[in-house]
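# what follows is a predicted protein model with its sequence.
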Amino acid sequence: MEHKEQYMEHLHRYMGHIESHVNKIYATIHEHDCCILSDLDQMQRLVSEAQNFAAVYYLQSHLAPYTKQYINLSLAAQYLSEKRHGALIAVERSDQLDPYIHNGTLIEADISHILLETVFYPGNPLHDGGVVIRNDTIHSAGNIFPLTDITYQHRKLGTRHRAAIGLSEKTDAMVIVVSEETGRISFALDGQLFVVRASV
């Protein structure tokens, strides 16, 4: 509860700064020599910071009931995003994932963001498959997940995103996906894809 209250306090602060910038732009927009480009750029940075802050909170909130290592998972997603290393991480919840995944390599190691970064380092033999998180361990890596046939916002999805949604359609897993092309972090849950961090 305390964590949620701190989050709301920080988010209100961000929103207050954004509102202040919007009001500043409204107040000066009709001035003849006014150029609002730098104000808009600053406001865009504030919105991006608020979005990233909210994304981390919501990602951790969804993960916390199923693994004590939710902070490490969140950090791994952020670091992979910054480096634009593609990743696919399924967090097992109530449903057993074994019937839906194939060809994985057993890892059975404690979760650490460094190990996850290593698994998804380009060129690593396991980096193209998905990782399965079971309780507080990296259970396996290099897994093949079922693919969905749906499109998202009228555009064709890449294989990682289709795999994330596909597994979440068949199970209650939460599947984190990091785009190799954009660095965008998303997660799939109940057959839906949610963006939690925009392109970096």
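Okay, I see it. Numbering: from 1, shown residues only.

# list the buried ones in stretch 169-184?
169, 171, 173, 174, 175, 176, 177, 178, 179, 180, 183, 184 (16 or more other C-beta atoms under 10 Å). Bear in mind the C-beta positions are built from the backbone N, C-alpha and C, glycine included.

# closest one of the residues you listed to residue 61?
Distance to residue 61 across those (C-beta to C-beta) is lowest for residue 174, with 10.8 Å.

# these two touch, right, the closest one and residue 164?
No: between residue 174 and residue 164 there is no contact under C-beta atoms under 8 Å: 9.4 Å.

# need the residues touching each of these two.
Listed as contacting both residue 174 and residue 164 by C-beta atoms under 8 Å, 6 or more residues apart in numbering are 90, 187, 188.

# including neighbour count, could these go into TSV?
Formatted as TSV, those follow (neighbours: other C-beta atoms under 10 Å):
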residue	neighbour count
90	28
187	23
188	27
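
# which one of these sits closest to residue 22?
For the shared contacts of residue 174 and residue 164, the nearest to residue 22 is residue 187 (29.6 Å; C-beta to C-beta).

# now for the buried residues of stretch 169-184: which two are most distant?
Farthest pair in the buried residues of stretch 169-184, by C-beta to C-beta: 171 and 183, 26.5 Å.

# let me see the contact set for residue 137.
Taking C-beta under 8 Å, 6+ apart, one finds 107, 108, 109, 110, 111 in contact with residue 137.

# please report how far the third one lies from residue 76.
Here residue 109 is placed at a distance of 13 Å from residue 76 (C-beta to C-beta, to the nearest Å).

# who's more crowded, the two?
residue 76 (25 against 13; other C-beta atoms under 10 Å).
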